[in-house]
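Novice: A predicted structure for the sequence below; I have some questions about it.
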Amino acid sequence: MSLSLYNSMTCSKQPFQPIDSQRVTMYVCGPTVYNRVHIGNARPAVVFDTLYRLLTSLYPNVQYARNITDIDDKIMKTAAELGEDISVLSTRYAEAYFDDMQALNNLPPTIVPYATQHIPEMTDMISRLVAKEHAYESEGHVLFAVQSMADYGKLSGRSLDDMLAGARVEVASYKKYAGDFILWKPSADDEPGWDSPWGRGRPGWHLECSAMIEKHLGESIDIHGGGQDLIFPHHENEIAQSCCAHDGKPVANVWMHNGFINIEGEKMSKSLGNFRMVNDLLEQYPGEVLRYVILSAHYRSEQNFGKDLLDSAWRSLDAIYGFLRTQVGIEAAAVDIADTHAYAALLDDLNTPVAISELHKFAREMNAADGDALAEAKGRLLAVAGLMGLLQQDPEQWFTHSRGGSDISAEEIEVLIAKRNQAKADKDYAGADGVREELKAMGVVLEDSREGTKWRRG
RNA sequence: GGCGCCGUAGCAAAGUGGUAAUGCAGUGGACUGCAACUCCGCGAUCGUCGGUUCGAUUCCGACCGGCGCCUCCA
């Protein structure tokens, strides 16, 4: 069985062939840190984290880099408004991003490069591009000359004429050609800047990824990922820079792009005011619910986040954790999942919806099994789920953790349960039901069984 | 204008040239003092219209509807 991935460059699914089977390299575009991140930023993080886990199951050494963009005009603008240094602002939000990603059960990437820590690498790359006449200096700017590259536009599938036909191209006096993009731009005295051969300034947006990939992963990497909107111009320009700096070598063999997340049927936008921040959602839902929702759709399709979907996902997880809760004393057996339908689905361009459906089947199998079969079923369920970063929590905690609604403590709940048990022992069923209703009103559901009464928040 | 995507049961979401996984919700029953959990059962002919084919939801075309990108953007 082998991994197949859809390559945006060729618009087709292809068998994955690493450049070096001993060291697989993946780079994913991370956030620009000037605010808390929204759920749209979470999708690539979750998707490529899942791919990272999958790759790790196949190859001995997977190098996964996800950058932090900590110099950018949006950062400068926000920092100026708050009257603080950009590094203070960007550090704060980078930390917040890490917290949010951890809450979604994303593993830390192997490498987390920061743009501002790679200024020399960037200026070095610019110098090489200028020397090779792919870039030129003009009025303190350095621009990439897109006409100097034959294949420019290949990833996004458009010609230079097509691009300019859109007519939203910025016309600037320093551009020789309207489609040229900035590698370096001058900074005013009150703006952040670094010294360079072209004066004090700052790098263009696309350059950091090219420079950081080159430094940390090499001239050509196996997989490059990001959101669909990055195809143009970001990744197109990244390809242009890296490819031209490296005499035509491809920067990545496989380009992967996740689809967009909409909110209640509408695109997230400032004008609609419907940005859903991850940390806000985390106040209402466990991170695992957000993760489950993201993985319940194929990564390339558009996904519509809404309350119904989140609630449904929560109940779906409840169902499986419910099975796990009843088998909490069973030690999961170490099993080989290589021959499972679920693993095959993941290998098939990360078909997480199918893998999740298999999780539900595994859970039922586990529920019906006993003895060795039970231990194996549990092992299979947890192993496949682990590849997706799901179901790794303690089931007891899953059900007893606060769900935002009820403030009643576990101790108070236990006191009421004891009271109800006494009522039951006294055949006072009206009293017992009263306690049940009282707890239900506070979002606590009781489940009687031979072993006693369990409770959960629901 | 250019490039591209999507339309599958109430909701969500896979999939295949030979009449469609899975989850949530709903519903009938078993279990239960009552419940909950669990178990058994129940639902779609795949936007519309043509074409290719022995046969299409799956391939081709047209149309209808929804959407994305075209230098802020995951």
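Specialist: Great, that's in hand. Residues are numbered from 1 along each chain as shown, chains lettered A, B, ... in the order given.
Novice: okay, now residue A:257: neighbour count?
Specialist: 21 (other Cβ atoms under 10 Å). Just so you know, the C-beta spots here come from the backbone N, C-alpha and C atoms, and that holds for glycine as well.
Novice: what residues are up against it?
Specialist: Applying Cβ atoms under 8 Å, 6 or more residues apart in numbering to residue A:257 gives the contacts A:8, A:225, A:226, A:227, A:228, A:230, A:231, A:300.
Novice: phi, psi of the closest residue to RNA strand B within chain A?
Specialist: Of all residues in chain A, residue A:227 sits closest to RNA strand B, at 1.7 Å by Cβ to the nearest atom of the strand. Per-residue torsions, residue A:227: phi -80, psi 160 (degrees, to the nearest 10).
Novice: can you list the contacts of residue A:257 in a markdown table and add secondary structure and pLDDT?
Specialist: Putting those into a markdown table (DSSP: H, G, I helix; E, B strand; the rest coil; pLDDT from 0 to 100) gives the following:
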| residue | secondary structure | pLDDT |
| --- | --- | --- |
| A:8 | coil | 93 |
| A:225 | strand | 96 |
| A:226 | strand | 95 |
| A:227 | strand | 93 |
| A:228 | helix | 92 |
| A:230 | helix | 92 |
| A:231 | helix | 92 |
| A:300 | coil | 94 |
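Novice: isn't the residue of chain A closest to RNA strand B up against residue A:45?
Specialist: No - if you go by Cβ atoms under 8 Å, residue A:227 and residue A:45 don't touch, sitting 10.4 Å apart.
Novice: what about the strands in the stretch 101-250 of chain A?
Specialist: Secondary structure of the stretch 101-250 of chain A (DSSP state E, counting those that start in this stretch): strands at A:135-138, A:141-144, A:181-186, A:201-203, A:221-227.
Novice: from the chain's centroid, how far away is the first one?
Specialist: In terms of Cα atoms, centre = their mean, to the nearest Å, the gap separating the centre of strand A:135-138 from the centre of its chain is 36 Å.
Novice: repeat that for the last one.
Specialist: A distance of 13 Å separates the centroid of the chain from that of strand A:221-227, by Cα atoms, centre = their mean.
Novice: what packs against that strand?
Specialist: Applying 3 or more Cβ pairs under 8 Å, 6 or more residues apart in numbering; DSSP states H and E, we find strand A:221-227 packed against strand A:24-28, helix A:39-58, strand A:252-258.
Novice: touching RNA strand B at all, the helix or strand that comes right after the second one?
Specialist: In this case it means helix A:39-58. With elements assigned by DSSP states H and E, the helix or strand that comes after helix A:39-58 is strand A:62-66. No - figure legend: strand A:62-66 not in contact with RNA strand B (Cβ under 7 Å from any atom of the strand); closest approach 10.7 Å.
Novice: which one of residue A:227 and residue A:45 has more residues nearby?
Specialist: Set side by side, residue A:227 and residue A:45 show more neighbours around residue A:45, with 25 against 20, by other Cβ under 10 Å.
Novice: residue A:196: which of the contacts of residue A:257 is nearest?
Specialist: Within the contacts of residue A:257, distances to residue A:196 taken as Cβ to Cβ reach their minimum at residue A:230, with 25.6 Å.
Novice: burial count for the residue nearest to that closest one when sequence neighbours are not counted?
Specialist: Spatial nearest neighbour of residue A:230, excluding adjacent residues (Cβ to Cβ, 6 or more residues apart in numbering): residue A:29 at 5.8 Å. Counted with other Cβ under 10 Å, residues neighbouring residue A:29 total 21.
Novice: so what does residue A:29 look like in phi/psi?
Specialist: phi -70, psi 120.
Novice: check contacts around it.
Specialist: Counted by Cβ under 8 Å, 6+ apart, residue A:29 has contacts A:44, A:66, A:67, A:209, A:225, A:226, A:227, A:230, A:234.
Novice: run a quick check on the last one versus residue A:206, I expect a contact.
Specialist: Yes - counting by Cβ under 8 Å, residue A:234 does reach residue A:206; the two are 5.6 Å apart.
Novice: which one of these two is surrounded by more residues?
Specialist: Each of residue A:234 and residue A:206 has its neighbours counted (other Cβ under 10 Å); residue A:206 has more, 23 against 17.
Novice: contacting residues for the nearest residue to residue A:395 once chain neighbours are set aside?
Specialist: Excluding its sequence neighbours, the residue lying closest to residue A:395 (Cβ to Cβ, 6+ apart) is residue A:325, at 3.8 Å. Counting by Cβ under 8 Å, 6+ apart, residue A:325 touches A:395, A:396, A:398, A:399, A:454.
Novice: so for the strand or helix carrying residue A:325, what gets flagged as buried?
Specialist: Using DSSP H and E, residue A:325 maps to helix A:307-326. By neighbour count on 16 or more other Cβ atoms under 10 Å, the buried set for helix A:307-326 is A:309-310, A:313-314, A:316-318, A:320-325.
Novice: near RNA strand B, from these?
Specialist: Restricting the buried residues of helix A:307-326 to those touching RNA strand B (Cβ under 7 Å from any atom of the strand) yields A:309, A:316, A:322, A:323.
Novice: what's the most distant pair in those residues?
Specialist: Farthest-apart pair in these is A:309 and A:323; separation 22.1 Å (Cβ to Cβ).
Novice: need the strands of the stretch 101-250 of chain A in a markdown table (columns: distance to residue A:21).
Specialist: Formatted as a markdown table, the strands of the stretch 101-250 of chain A follow (distance: least, Cβ to Cβ, whole Å):
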| stretch | distance to residue A:21 |
| --- | --- |
| strand A:135-138 | 35 |
| strand A:141-144 | 34 |
| strand A:181-186 | 35 |
| strand A:201-203 | 34 |
| strand A:221-227 | 10 |
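Novice: closest to residue A:52 out of these?
Specialist: strand A:221-227 (9.6 Å).
Novice: what angle separates the closest one from helix A:39-58?
Specialist: 160 degrees (axes from the mean of the first three to the mean of the last three Cα atoms, to 10 degrees).
Novice: how about the helices of the stretch 51-200 of chain A, start to end?
Specialist: Applying DSSP state H, counting those that start in this stretch to the stretch 51-200 of chain A gives helices spanning A:73-82, A:86-103, A:119-131, A:160-165.
Novice: check the ones you listed for me: which has the lowest mean pLDDT.
Specialist: When the helices of the stretch 51-200 of chain A are compared by mean pLDDT, helix A:160-165 comes last with a mean of 71.
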